[in-house]
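Undergrad: fold the following.
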Amino acid sequence: MREQCGHRRILYLLLLAVVVVTPVGVRGQLAITPGCEFPANWTPDSLVRNMLLGTGVRVSNVRLNGSSGIINNGSDSCGMIGIFTTGEHETNLGIEAGIILANGCVSGVAGVNDDEMFTAWDCTCSYRSSLLEEIIGDEYVIGWNIANDVVVLEFDFIPTSDSIEFEYVFGSEEYPEYVYSFNDAFGFFISGQNPYGGQPYVNKNIALIPNTDMPITINNVNDRDNSEYYIDNTGGEWVQYDGFTVPLTAAARVVPNTTYHLILALADASDWAYDSGVLLKANSLTAIVDTIYDTICYGECYQFVDTTVCDDGMYVHGEGRSSVTLFLHVRESNATSYQNDTIAQSYLPWSYEGLTYTMPVMNDSVMLTDQYGCDSLVLYSLYVTYATYDSVQICKGEVYELEGQQFSEKGDYVIVYVTAQGCDSSHYLHLDVARKPEARMHVEPDRADVECREIKVYDQSKWETTRSWYLDGEYMGNESTMVFTYPIEKDSVKLTLVSFTGYECRDTAEAVVYYDRCALWVPNVFAPELEGNDRFRVASACIEEMEMWIYNREGMQVFHTTNVEEPWDGTNQRTGEKCPGGSYVYTINYLMTNHPITKKSKTGMVMLMR
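TA: Sure, this is the predicted structure:
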């Protein structure tokens, strides 16, 4: 095992030396060697073992885009994977060396951020990934194939402990202009046994936004969404991508010494432009030991690796990723807990831990041994449920629910149910059903106008004992007949009648009364010598045409006009003499703007007073 580890370290150092001396992809402190310039015998297995693998993990069946062969094979896709290092100087990537996957040429990723649409067209492939297509989503597909320039690195692995993790950074040239448009995406998909039981992992994505189940994508991590994980690289000195994530950790719970499959995949969304990439931290794929939580009894001690501990607290053995953390809890002496039981009366007498109870009890002291083998004082309470009796009235057509059952007919019922504590209990119900009233009203008249604003409403309900009237939601009264004056400032009002029975059963009737602003108003009296009412004139807000004739008692015409604005002043239009006081007959023909086709006629009498 030492020889293997030493051999891997030698290969890693040799490859870093290749990276440093190779001019391709070297800008500032970031140096990248593309797969097309890897050693001639390097396969995907060589890359993963020497650049990604850490401690506690064994890998096999490593493939790059479905192939386990030589990476430096002269194909266009060999430039979509590479190795990077930042040398002795830090960059804003947050990681110093590792593997880079890109949906374009990795060699163009290093350098000053000076290309607004960085796209390495020379590196491409037709490999497909349905897993990435699900992440990209249909709502962001604007044409062509959904996932293009796919690069997939996959392998089997066996962990030696119950958790694995590795670190990475995701970057893209799609930032920030094409957020919510071109959802370039990647994923780390694990398959294998679920340590929690149940369904196994089937391509479960572990490249997630911390503390969520949301995948890392252009649309999910940017300067607006989850911005705490995003770095704006505009004008950056070392990386060409316009933006990238902070270093993130992909992690999964696993079953030790069991085979799993891991897929690392990246793709362009919809088109082949504006590259994206994911950088995997060197030797970060490691198996880690879970934190230990344990409890001991008061006065006992715990053997933690090579140390004996006896007190509450956190203990750490080892350093770095090989460390193990213990959180130890020491139970108090004679720790006290509480236990409650609830039973139906029919279950008495009741037994608990060898004790028998014939009636309810509260906080009876019982000394037991708890789940940790420690002495424990239990304060035991027994609650007894007795039969319940209810008498309820409902209205006809209503439903009464009790213990998950529904009742709508008058009668006596016995409901046997199970309490929340799992006990049988009885509920006795007497149900009365009252007839509901039928609310009805009559409105007279059903429309108000300038001549008639007094409205009467009559209660014509059946089977009611009392009522309430409302005008536009305001209470009016409870008489069987109500009178109100229509408020002319409103175009309509709503009348509501609520009818009640003795059981407070109710029914509601409503009516809307409108105000006719186009009604023709004609006075019935005027006095030429009385200021304020000295002319006989008609009024309406809607008159379009009008012709009026006025006759005396002998049937002689005394006035005629076709002008709406022209009133009669009590003078005989033909002779110019004042007409004597008395009754005069008028006939008015008119057209209204709301009914411009139908001509109407109105005839009546007006009293002229002298």
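Undergrad: pretty sure Pro567 is in contact with Asn533, am I right?
TA: No: contact criterion Cβ atoms under 8 Å: Pro567 and Asn533 do not qualify, at 11.0 Å. C-beta here means a position set from N, CA and C on the backbone, and glycine is covered the same way.
Undergrad: compare these two (neighbour count), which wins?
TA: Pro567 (17 against 12; other Cβ atoms under 10 Å).
Undergrad: how far away is the more buried one from Met546?
TA: In this view, Pro567 and Met546 are 12 Å apart by Cβ to Cβ, to the nearest Å.
Undergrad: and the strands in the stretch 201-350 of the chain?
TA: For the stretch 201-350 of the chain, the strands defined by DSSP state E, counting those that start in this stretch cover 201-205, 230-232, 243-245, 248-253, 260-269, 276-281, 286-288, 292-296, 302-304, 307-309, 313-317, 324-330, 335-344, 350-352.
Undergrad: out of these, nearest to Gly604?
TA: strand 260-269 (81.1 Å; Cβ to Cβ).
Undergrad: other SSEs contacting that closest one?
TA: Packed against strand 260-269 by the contact rule (3 or more Cβ pairs under 8 Å, 6 or more residues apart in numbering; DSSP states H and E) you find strand 97-102, helix 130-136, strand 147-159, strand 185-192, strand 276-281.
Undergrad: walk me through the domains of this protein.
TA: 2-288, 292-330, 335-385, 388-434, 441-516, 525-608 (automatic domain parsing).
Undergrad: output those domains as JSON lines; include the columns mean pLDDT.
TA: Compiled in JSON lines, the domains of the chain are given as follows (pLDDT from 0 to 100):
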{"stretch": "domain 2-288", "mean pLDDT": "79"}
{"stretch": "domain 292-330", "mean pLDDT": "77"}
{"stretch": "domain 335-385", "mean pLDDT": "80"}
{"stretch": "domain 388-434", "mean pLDDT": "82"}
{"stretch": "domain 441-516", "mean pLDDT": "90"}
{"stretch": "domain 525-608", "mean pLDDT": "91"}
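Undergrad: please identify the most buried of the ones you listed.
TA: domain 2-288 (a mean of 19; mean count of other Cβ atoms under 10 Å).
Undergrad: before we move on, the earlier item: adding distance to Trp469, write the strands of the stretch 201-350 of the chain out as JSON lines.
TA: Formatted as JSON lines, the strands of the stretch 201-350 of the chain follow (distance: least, Cβ to Cβ, whole Å):
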{"stretch": "strand 201-205", "distance to Trp469": "65"}
{"stretch": "strand 230-232", "distance to Trp469": "63"}
{"stretch": "strand 243-245", "distance to Trp469": "67"}
{"stretch": "strand 248-253", "distance to Trp469": "68"}
{"stretch": "strand 260-269", "distance to Trp469": "65"}
{"stretch": "strand 276-281", "distance to Trp469": "70"}
{"stretch": "strand 286-288", "distance to Trp469": "76"}
{"stretch": "strand 292-296", "distance to Trp469": "69"}
{"stretch": "strand 302-304", "distance to Trp469": "79"}
{"stretch": "strand 307-309", "distance to Trp469": "81"}
{"stretch": "strand 313-317", "distance to Trp469": "73"}
{"stretch": "strand 324-330", "distance to Trp469": "70"}
{"stretch": "strand 335-344", "distance to Trp469": "51"}
{"stretch": "strand 350-352", "distance to Trp469": "60"}
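Undergrad: to Arg447, which of the ones you listed lies closest?
TA: Counting by Cβ to Cβ, Arg447 lies closest to strand 260-269 out of the strands of the stretch 201-350 of the chain; the figure is 64.1 Å.
Undergrad: just checking: what are the partner strands of the closest one?
TA: strand 147-159 (antiparallel), strand 185-192 (antiparallel) (DSSP bridges).
Undergrad: all helices of the protein, in order?
TA: Assigned by DSSP state H, the helices in the chain fall at 2-21, 44-47, 130-136.
Undergrad: quick one: contacts of the shortest one?
TA: Outside of helix 44-47, the residues within contact range by Cβ atoms under 8 Å, 6 or more residues apart in numbering are 11, 35, 38-39, 59-60, 62-64, 67-68, 71, 81, 83, 99, 153, 155.
Undergrad: on that earlier part again, compare the helices and strands packed on strand 260-269 and give me the one nearest Gly411.
TA: helix 130-136 (57.3 Å).
Undergrad: you'd agree Thr245 is up against Ser172?
TA: No: assessed by Cβ under 8 Å, Thr245 is found out of contact with Ser172, at 9.5 Å.
Undergrad: okay, and the beta partners of Tyr481?
TA: For residue 481 the amino acid is Thr, not Tyr. Beta-bridge pairing for Thr481 (DSSP bridges): Tyr458.
Undergrad: could I get the strands paired with strand 260-269 as a markdown table with distance to Met482?
TA: Output for the strands paired with strand 260-269, formatted as a markdown table (distance: least, Cβ to Cβ, whole Å):
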| stretch | distance to Met482 |
| --- | --- |
| strand 147-159 | 73 |
| strand 185-192 | 69 |
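Undergrad: so which of those is nearest Gly555?
TA: strand 185-192 (96.5 Å).
Undergrad: tell me how far the closest one lies from the chain's centre.
TA: 26 Å (Cα atoms, centre = their mean, to the nearest Å).
Undergrad: now the angle from it to strand 97-102?
TA: 110 degrees (axes from the mean of the first three to the mean of the last three Cα atoms, to 10 degrees).
Undergrad: what sits against the residue lying closest to Asn61 once chain neighbours are set aside?
TA: Excluding the flanking residues, the one nearest Asn61 by Cβ to Cβ, 6 or more residues apart in numbering is Asp156, at 4.6 Å. Contacts for Asp156 (Cβ under 8 Å, 6+ apart) come out as Val59, Ser60, Asn61, Thr259, Tyr260, His261, Leu262.
Undergrad: which ones are touching the fifth one?
TA: Shown here is Tyr260, whose contacts under the criterion Cβ under 8 Å, 6+ apart are Asp156, Phe157, Ile158, Pro159, Ile190, Ser191, Gly192, Gln193, Tyr201, Val254.
Undergrad: same thing with the second one?
TA: By Cβ under 8 Å, 6+ apart, the contact set of Ser60 is Asp45, Phe155, Asp156, Phe157.
Undergrad: how far away is it from Thr160?
TA: From Ser60 to Thr160 the distance is 15 Å (Cβ to Cβ).
Undergrad: go on, the fourth one?
TA: Thr259 sits 12 Å away from Thr160, taking Cβ to Cβ as the criterion.
Undergrad: try the first one
TA: Noted for Val59: a distance of 12 Å to Thr160, by Cβ to Cβ.
Undergrad: over to the third one?
TA: Taken as Cβ to Cβ, the spacing of Asn61 relative to Thr160 amounts to 18 Å.
Undergrad: cool, the fifth one as well?
TA: Distance, Tyr260 to Thr160, using Cβ to Cβ: 12 Å.
Undergrad: who is Met367 paired with across the strands?
TA: Leu377.
Undergrad: surely it meets Cys374?
TA: No: using Cβ under 8 Å, Met367 is not in contact with Cys374; the gap is 11.3 Å.
Undergrad: give the contact list for the residue lying closest to Gly87 once chain neighbours are set aside.
TA: Closest residue in space to Gly87, ignoring its immediate chain neighbours: Gln29 at 5.1 Å, by Cβ to Cβ, 6+ apart. Counting by Cβ under 8 Å, 6+ apart, Gln29 touches Thr86, Gly87, Glu88, His89, Glu90, Thr91, Trp238.
Undergrad: same question, Gly582
TA: Gly582 neighbours (Cβ under 8 Å, 6+ apart): Asn552, Arg553, Met607, Leu608.
Undergrad: ok, now Thr160?
TA: So Thr160 contacts Gly56, Val57, Arg58, Pro256, Asn257, Ala287 (Cβ under 8 Å, 6+ apart).
Undergrad: swap in Ala287?
TA: Counting by Cβ under 8 Å, 6+ apart, Ala287 has contacts Thr55, Gly56, Val57, Pro159, Thr160, Ser161, Ser163, Ile164, Val254, Pro256.
Undergrad: go again using 10 Å as the cut-off
TA: 54-58, 157-165, 254, 256, 321 (Cβ atoms under 10 Å, 6 or more residues apart in numbering).
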